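Undergrad: Have a look at this fold, sequence not included:
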């Protein structure tokens, strides 16, 4: 079984910074693309950033220049460094990973974490 656990969300003032972590554990053979998503109250879940296994990254226009996604393959962990936070960044942040599980090498399964709350006060 595979688990994704997010951490690092908290209450922060506008202009501040946070670093979120998404740690994968379990019977992992490899991790492909990992994405950070967020969902604000009353809104649909949206993609914030993703990083491919080779390190290529992509960002939503709303966070470009402020957020940075990175990964530590040795630790099976992906980070989201969030700088110059704005009140509109307030949301529950989720990570999603495409993971190849030991013994099932032909398929990458999609896993979600439980989410971590980020609240930015004005």
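TA: Okay, I see it. Model, not experiment: these values are computed from the prediction.

Undergrad: and residue 108, what does it touch?
TA: Counting by CB atoms under 8 Å, 6 or more residues apart in numbering, residue 108 touches 32, 98, 99, 100. C-beta here means a position set from N, CA and C on the backbone, and glycine is covered the same way.

Undergrad: quick one: it from residue 96, how far?
TA: As judged by CB to CB, to the nearest Å, residue 108 and residue 96 stand 12 Å apart.

Undergrad: if we can go back for a sec, could you tell me which of the contacts of residue 108 are located in strands?
TA: With strands taken from DSSP state E, the overlap with the contacts of residue 108 comprises 32, 98, 99, 100.

Undergrad: Quick one, which of those residues are buried?
TA: 98, 99, 100 (16 or more other CB atoms under 10 Å).

Undergrad: now the last one, which residues is it bridged with?
TA: Meaning residue 100. residue 30, residue 108 (DSSP bridges).

Undergrad: Spit out the contact partners of it.
TA: Residue 100 neighbours (CB under 8 Å, 6+ apart): 28, 29, 30, 31, 32, 107, 108, 109.

Undergrad: The fifth one contacts residue 51, doesn't it?
TA: This means residue 32. No - here residue 32 does not reach residue 51: they are 10.0 Å apart, not a contact under CB atoms under 8 Å.

Undergrad: Leaving out the residues flanking it, which one is nearest to the residue lying farthest from the centre of the chain?
TA: Within the chain, residue 103 marks the point farthest from the mean C-alpha position, 25.8 Å out by CA atoms, centre = their mean. Residue nearest to residue 103 in three dimensions, not counting chain neighbours: residue 27, with 7.3 Å by CB to CB, 6 or more residues apart in numbering.

Undergrad: Need the ones in strands among the contacts of residue 108 in JSON lines (columns: pLDDT).
TA: Conversion of the ones in strands among the contacts of residue 108 to JSON lines gives the following (pLDDT from 0 to 100):
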{"residue": "32", "pLDDT": "97"}
{"residue": "98", "pLDDT": "98"}
{"residue": "99", "pLDDT": "97"}
{"residue": "100", "pLDDT": "96"}
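
Undergrad: Pull the number of nearby residues for residue 47.
TA: When neighbours are defined as other CB atoms under 10 Å, residue 47 has 14 of them.

Undergrad: Perfect, that will be all.
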